[in-house]
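A.B. asks: Let me see the structure of the following:
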Amino acid sequence: MSQPTASDSFKSNLGEAGSHLKSAASAAGDAIKEAAGVAGDELKLGKANVKAELADGALSGIAAAEVSGAAAKEQMDALMDKGRDLIDSAAELIRERPLVSFGAAFAAGWIIAKLARSGGDK
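C.D. replies: Below is the predicted model of the structure:
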């Protein structure tokens, strides 16, 4: 039997290195495929979560819009009640002090007429 030559050892080691590189490339490809699959799953999950949050937001917005009419009616009713209270107070004041009320109305009318006449001179 002859001793392997340096060239034979070189070829053998080079073939073994090539085999290891081929295995490493295959393992890297498998790892990339697995990572892509996991990333795809995470992306699908994230997309589903975004859609769910947007849908919940839309539902909340619709609910707020539906309630806004009732809230506006409540505010309008409160304003109408305050207006009625103010009119009742004015009517009561007129009944209690008719001359003072007439004098105040006359003075307000006179002031408004003066302002209107002076505004037309300019």
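
A.B. asks: ok, now how distant is Leu27 from Ser19?
C.D. replies: That one is not Leu; residue 27 is Ala. Plainly put, Ala27 is 13 Å away from Ser19 if you go by C-beta to C-beta, to the nearest Å. To be clear about C-beta, it is placed using only N, CA and C from the backbone, and glycine gets the same treatment.

A.B. asks: same question, Lys33
C.D. replies: Distance, Lys33 to Ser19, using C-beta to C-beta: 21 Å.

A.B. asks: Could you give the secondary structure assignment for Gln3?
C.D. replies: Put simply, Gln3 is coil when judged by DSSP: H, G, I helix; E, B strand; the rest coil.

A.B. asks: Just the element for Glu34, please.
C.D. replies: Using DSSP states H and E, Glu34 maps to helix 6-96.

A.B. asks: list the helices and strands that helix packs on?
C.D. replies: Using 3 or more C-beta pairs under 8 Å, 6 or more residues apart in numbering; DSSP states H and E, no helix or strand is in contact with helix 6-96.

A.B. asks: the inter-axis angle of the following helix or strand past it versus helix 6-96?
C.D. replies: Scanning forward in sequence from helix 6-96 by DSSP H and E, the next helix or strand is helix 98-121. Inter-element angle recorded for helix 98-121 and helix 6-96: 120 degrees (by axes from the mean of the first three to the mean of the last three C-alpha atoms, to 10 degrees).

A.B. asks: So, low pLDDT: which residues of this protein?
C.D. replies: Applying pLDDT under 70 to the chain flags the ranges 1, 119-122.

A.B. asks: Leu43 versus the most centrally placed residue in the chain, what's the distance?
C.D. replies: Centroid-nearest residue in the chain: Gly57, 7.6 Å away (criterion: C-alpha atoms, centre = their mean). Using C-beta to C-beta, Gly57 is found at 21 Å from Leu43.
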